[in-house]
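1. with the sequence up front, the predicted model follows.
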Amino acid sequence: MTEELVAKECVFCAIVAGHAEASMVFEDETVAVWMDLNPVTHGHLLVAPRRHAVGLEDLDGVTSAHVWSVGHDMATAKPPSRRSSISTCT
Ligand SMILES: [Zn+2]
């Protein structure tokens, strides 16, 4: 599947590629983090790898660890009363 086709069929890849709108809060070369459109808690964030993956098993260990590390950083960057729910998008 081409990168363009993946971006059209996967909403997470579309957001990461900039083809779909999202309230981005953090980006680096490996992951992107944005506000969930249907939050289950105040400050609910989605952490997605830049490379398309269906499940964690599709990611290499370094990328998987980075996704979790960024999610942890996002969760601990907020005051305790506003600690967010973090979801990984894989
Ligand atoms: Zn994707």
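-> All right, it came through fine.

2. what is the burial count for His52?
-> Counted with other C-beta atoms under 10 Å, residues neighbouring His52 total 17. To be clear about C-beta, it is placed using only N, CA and C from the backbone, and glycine gets the same treatment.

3. could you check the pLDDT of it?
-> His52 is assigned a predicted lDDT (pLDDT) of 94.

4. name the residues of the protein found near the ion, please.
-> Residues of the chain lying near the ion by C-beta under 5 Å from the ion: 10, 12-13, 52.

5. end-to-end on stretch 50-63?
-> End-to-end distance for stretch 50-63, by C-alpha to C-alpha, to the nearest Å: 10 Å.

6. hang on, the earlier thing: now rank the residues of the chain next to the ion by neighbours and give me the top one.
-> The residue in the residues of the chain next to the ion with the most neighbours, by other C-beta under 10 Å, is Cys13 (24 neighbours).

7. what comes up buried for the helix or strand containing that one?
-> Assigned by DSSP states H and E, Cys13 belongs to helix 11-17. For helix 11-17, burial by neighbour count (16 or more other C-beta atoms under 10 Å) applies to 12-17.

8. please save the CA atoms from that helix in PDB.
-> What follows is helix 11-17, C-alpha atoms only, in PDB (Å, rounded to 0.1, in the frame of the first residue of the first chain):
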ATOM      1  CA  VAL A  11      -7.500   8.700   9.800                       C
ATOM      2  CA  PHE A  12      -4.400   8.600  12.100                       C
ATOM      3  CA  CYS A  13      -2.100   8.600   9.100                       C
ATOM      4  CA  ALA A  14      -4.100  11.400   7.500                       C
ATOM      5  CA  ILE A  15      -3.700  13.500  10.600                       C
ATOM      6  CA  VAL A  16       0.000  12.800  10.900                       C
ATOM      7  CA  ALA A  17       0.400  13.700   7.200                       C
END
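
9. I'd like the next helix or strand past it.
-> As assigned by DSSP H and E, the chain's next helix or strand after helix 11-17 is strand 24-27.

10. quick one: residues in contact with that following strand.
-> For strand 24-27, contacts defined as C-beta atoms under 8 Å, 6 or more residues apart in numbering pick out 32-35, 45, 70, 74.
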